[in-house]
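# quick one: sequence plus predicted model below, questions after.
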Amino acid sequence: MFEEMKKYEDKMHKTIHALETEYNSIRAGRANPHVLDNIKMDYYGQPTPIQQVGNVSIPEPRMIQIQPWDSSIIKDIEKAILASDLGITPNTDGKIIRLVFPELTEERRKILTKEVKKKGEDAKVAIRNIRRDAMDHFKKAEKNHEMTEDDLKDYEADIQKITDKFIKIIDEHVDAKSKDILTV
């Protein structure tokens, strides 16, 4: 049964990782190369992440610079950025693409904070669903006489402790990201 407990804990780790990935794609007023993670461009017929077709750097706190290794794909990169939900118009000089992030308005910060909290709540729901699946699994094992009632109580307590730990981690992530967004 220890392997089963480990399996459910691994699922919870994956939920946290998915939340962190989502939070990386939310821009917080400062340039963050992770906002480009979900943007793919057509590169010789293949959807390719922008980071794989050029050098991505941050020369200033509110600017991302993309220098493609092949200057003939600049138009394709621009097209992919414009088609994304990034909301930034790329500037180019024929060799380098610059993305300048405007200062976030107070209203936009509040909207982003609500989005962060909603994603956090969704992650908590996912954690609780994993806990429910684990509890169902252990109850079924007890019903099939694979474990005693005392073992069931122990496993239920253990899975609850693990769940509480991951909920606390999610709360910490939500607080940190919200603070990051609200910091001017």
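Arrived safely, thanks for sending.

# which helix of this structure spans the most residues?
When the chain is scanned for its longest helix (criterion: DSSP state H), the result is helix 106-143.

# buried sites along that helix?
109, 112-113, 116, 119-120, 123-124, 126-127, 130-131, 134-135, 137-138, 141-142 (16 or more other C-beta atoms under 10 Å). Placement of C-beta: from N, CA and C, glycine included.

# continuing past that helix, what's the next helix or strand?
Later in the chain than helix 106-143, the nearest helix or strand by DSSP states H and E is helix 149-182.

# can you pull the buried residues of that next one?
152, 155-156, 158-159, 162-163, 166-167, 169-170, 173-174, 177-178, 180-181.

# please name the residues that touch Arg131.
Residues near Arg131 by C-beta atoms under 8 Å, 6 or more residues apart in numbering: 8, 159-160, 162-163.

# what does Met135 give?
156, 159.

# below-threshold pLDDT in this protein: ranges please.
Scanning the chain for pLDDT under 70 picks out the ranges 1, 27-29, 184.

# repeat the analysis, applying 80 as the threshold.
Within the chain, the segments meeting pLDDT under 80 span 1-2, 24-32, 34-35, 37-38, 85-88, 102, 104, 183-184.

# domain assignment for it?
As given by automatic domain parsing, the domain ranges for the chain are 2-24+105-182, 33-100.

# straight-line length of the first one, end to end?
Yep, that's domain 2-24+105-182 we're talking about. 42 Å (C-alpha to C-alpha, to the nearest Å).

# number the residues from 558 up from this point.
Okay, using 558 as the starting number, the last item reads as domain 559-581+662-739.

# starting at the chain centroid, how far to it?
Domain 559-581+662-739 has its C-alpha centroid displaced from the chain centroid by 14 Å (C-alpha atoms, centre = their mean, to the nearest Å).

# ok, stretch 626-644 next?
22 Å.

# that stretch: which residues count as buried?
Buried, per 16+ other C-beta under 10 Å, within stretch 626-644: 630-631, 633-635, 637-638, 641, 643.

# mind listing which of the residues you listed are in strands?
Using DSSP state E, no member of the buried residues of stretch 626-644 falls in strands.

# need those residues in TSV with distance to Thr572, can you?
Shown next, in TSV, are these (distance: C-beta to C-beta, whole Å):
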residue	distance to Thr572
Ile630	36
Ile631	38
Asp633	34
Ile634	32
Glu635	35
Ala637	29
Ile638	29
Ser641	25
Leu643	25
